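J.: Using only what follows, build the 3D model:
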Amino acid sequence: MAEILALGLSHYPPLWGPDERMSWIFQRMLTNPRLPDKLKRPDGWPEPARAQWGNDQGTAEAGRHREELVAWFRKTRAALDAFKPDFVLVWGDDQYENFKEDVVPPYCLFAYERFNFATPAGNVWGETDKTWDLAGHPAAAKMLASRLIEDGFDTAYAYKPLHHPLGHAFANAVMYLDYERKGFGYPFVPFAINCYGRKVLAQRGGLPVFDREIGEADWDPPAPSPKRLFDLGAATARILAESPYRVALIASSGWSHAFLTPKNNFLWPDTAADLRMFEALKRADWAAWRNLPAEAVEDSGQQEILNWSCLAGAMSELGRVPKETVFIDTWIFNSTKTFLIAPPA
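T.: Next comes the predicted model:
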C-alpha cells in the first residue's frame, strides 16, 4: 500500500570539507573588486558576521555549524530508516552538471539502473578512494514520468548521464544522510530541477564572476515558476499516493545563497526572506508557497528554494504538516539551511 514520507534537507557542499575551509565561499566573495570599502574588513560587517568570523576565519563557528547540521542529518536518517521506503525520490538543482549548453530542460527524472559517484578529495571523512554504487528504480521513474506527462507536465527523463555521473544536490544528500557510513541501500530516483534559470549557463550555476560583466542579453531563460513546481510536486504526490510504493520525497537544497544575492554584495543570504517562507512552511500556508513571485526568488538569491516548492506542493496535496522542522541561519557560510520531517499519520 502506498505511503509517503516527506523530508527536507540541505546539500551544503562545504560540509564535506574540513572546518578550516567552510568559509571559503565567503572569502572568495571578499575578493569582489566592487565590494564597498567598509565591507572589506570585519569592522564594517554586522556584529553577528564579526562574531562568527572570530579570529580564525570562522573555523570555530564552522564546528558549531557542522554539529547542528549533522545532528539534523542523523535525525532525518532515523526517520528514513524507520519508514523503510521502497525508493527515495530527491528534488535537487542541477548546477551546470547535466544541464548544459546542449540541453536545459525545466526538470528531468533520472530513470537509471544504477548511480555511481565518488566522495570528493580532501573530505572530512579522510576517504581517498571511496566510490558509491546506488541502485536506481527505473520502473517507478518511468511510471512517474508517464503519468506526469499524461497530467500535463511535459517531463524530461534520462536513462544515463549526459555529462556528470550525479549532480552534487543528489550525491551530497546521500553522503550526508550516510554521514556515519553505515550504508545507503535505498533505491534512488533523482528529479533534477532547473532552479538556476537565468544563471544556469551564464553563471554556470555557480559563483558570480568578477573579471567581466554579464549583461542582460547574456542571461538565460528563466527557471520554472514556484507555482509550476508547486503543482508538479502536488501531481507527483498524487500519482505516488495511487501507486503500490512506499516513497520518501526529499527536497535537497539550502535556501537563499549569498553568492546569488547582489543586494547583499554576495556576502550573506537574505535571511529575512527565508524566514518569511519558513514561517509559512511551519503553519502550512501553502498559498504563500504557491504564489511566491519568481522575481522575489531571484531578488533574494533563493533559486534553490524551488526544490522545496515541489515538496510544499506534495505536502499540500497530502494534507501534510511538518512534524519536526528547523531553520539554521548563518552570516558567513553562504546559505541558510532548513530541515523538515513530515511522516504519514
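J.: Pro187 is in contact with Val174, correct?
T.: No. Val174 is beyond contact range of Pro187, at 11.8 Å (criterion: Cβ atoms under 8 Å). In short, each C-beta sits where N, CA and C put it, glycine included.
J.: Residues that sit against both of those two, list them.
T.: Shared contacts of Val174 and Pro187 (Cβ atoms under 8 Å, 6 or more residues apart in numbering): Leu134.
J.: what pLDDT does the spatially most central residue of the chain get?
T.: Centroid check for the chain by Cα atoms, centre = their mean gives Ser253 as the closest residue, at 1.5 Å. Note on Ser253: pLDDT of 99.
J.: Now do the contacts for it.
T.: For Ser253, the contacting residues are Ser10, His11, Gly92, Asp93, Ala169, Cys195, Glu304, Ile305, Asn307, Trp308, by Cβ under 8 Å, 6+ apart.
J.: Helix or strand for the last one, just tell me which one.
T.: Pointing back at Trp308 there. helix 305-318 (DSSP states H and E).
J.: quick one, what contacts Arg50?
T.: Here Arg50 is in contact with Pro42, Asp43 (criterion: Cβ under 8 Å, 6+ apart).
J.: just the strands in this protein please.
T.: In the chain, the strands defined using DSSP state E lie at 3-9, 87-93, 107-110, 114-118, 131-135, 156-158, 188-193, 246-252, 324-328, 337-342.
J.: a markdown table for those strands, including distance to Gly206?
T.: Shown next, in a markdown table, are the strands of the chain (distance: least, Cβ to Cβ, whole Å):
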| stretch | distance to Gly206 |
| --- | --- |
| strand 3-9 | 21 |
| strand 87-93 | 11 |
| strand 107-110 | 19 |
| strand 114-118 | 19 |
| strand 131-135 | 23 |
| strand 156-158 | 22 |
| strand 188-193 | 16 |
| strand 246-252 | 17 |
| strand 324-328 | 22 |
| strand 337-342 | 19 |
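J.: Can I get those in a markdown table including mean neighbour count and distance to Ser23?
T.: Putting those into a markdown table (neighbours: other Cβ atoms under 10 Å; distance: least, Cβ to Cβ, whole Å) gives the following:
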| stretch | mean neighbour count | distance to Ser23 |
| --- | --- | --- |
| strand 3-9 | 23 | 21 |
| strand 87-93 | 25 | 22 |
| strand 107-110 | 24 | 32 |
| strand 114-118 | 16 | 25 |
| strand 131-135 | 14 | 27 |
| strand 156-158 | 18 | 35 |
| strand 188-193 | 27 | 27 |
| strand 246-252 | 26 | 22 |
| strand 324-328 | 16 | 16 |
| strand 337-342 | 23 | 15 |
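J.: To Arg212, which of the ones you listed lies closest?
T.: strand 87-93 (24.1 Å; Cβ to Cβ).
J.: could I get the closest one in CSV with only the CA atoms?
T.: In CSV, the C-alpha atoms belonging to strand 87-93 read as follows (Å, rounded to 0.1, in the frame of the first residue of the first chain):
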residue,chain,number,x,y,z
PHE,A,87,12.7,4.1,-3.1
VAL,A,88,13.8,7.6,-2.4
LEU,A,89,12.9,10.5,-4.8
VAL,A,90,15.0,13.6,-4.4
TRP,A,91,14.2,17.0,-5.9
GLY,A,92,17.6,18.8,-6.4
ASP,A,93,19.0,21.5,-8.6
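J.: partners of it in the sheet?
T.: If you go by DSSP bridges, strand 87-93 pairs up with strand 188-193 (parallel), strand 246-252 (parallel).
J.: Helices of the chain, residue ranges please.
T.: Shown for the chain, the helices assigned by DSSP state H span residues 24-29, 47-53, 59-83, 138-150, 168-177, 226-241, 271-282, 286-290, 294-299, 305-318.
J.: Most tightly packed of these?
T.: Comparing these by mean neighbour count (mean count of other Cβ atoms under 10 Å), helix 305-318 ranks first with a mean of 27.
J.: just checking, what packs against it?
T.: On a contact count with 3 or more Cβ pairs under 8 Å, 6 or more residues apart in numbering; DSSP states H and E, helix 305-318 meets strand 3-9, strand 87-93, strand 188-193, helix 226-241, strand 246-252, helix 271-282, helix 286-290, strand 337-342.
J.: Save those as TSV, and put in distance to Ile25 too.
T.: What follows is those, written out as TSV (distance: least, Cβ to Cβ, whole Å):
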stretch	distance to Ile25
strand 3-9	19
strand 87-93	16
strand 188-193	22
helix 226-241	25
strand 246-252	18
helix 271-282	16
helix 286-290	27
strand 337-342	14
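J.: Ala296: which of these is closest?
T.: Taking Cβ to Cβ, helix 271-282 is the member of those nearest to Ala296, at 7.2 Å.
J.: so how far is stretch 58-65 off the chain centroid?
T.: Relative to its parent chain, stretch 58-65 has a centroid offset of 21 Å by Cα atoms, centre = their mean, to the nearest Å.
J.: neighbouring contacts of that stretch?
T.: Identification of contacts with stretch 58-65 by Cβ under 8 Å, 6+ apart yields 19-20, 22-23, 26, 51-54, 328, 330, 332-333.
J.: Give me the mean pLDDT for it.
T.: 99.
J.: in the stretch 101-250 of the chain, what spans have low per-residue confidence?
T.: Nowhere does the stretch 101-250 of the chain drop to pLDDT under 70.
J.: thinking again about what came up before, would you turn the strands paired with strand 87-93 into TSV with distance to Trp45?
T.: Output for the strands paired with strand 87-93, formatted as TSV (distance: least, Cβ to Cβ, whole Å):
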stretch	distance to Trp45
strand 188-193	33
strand 246-252	30
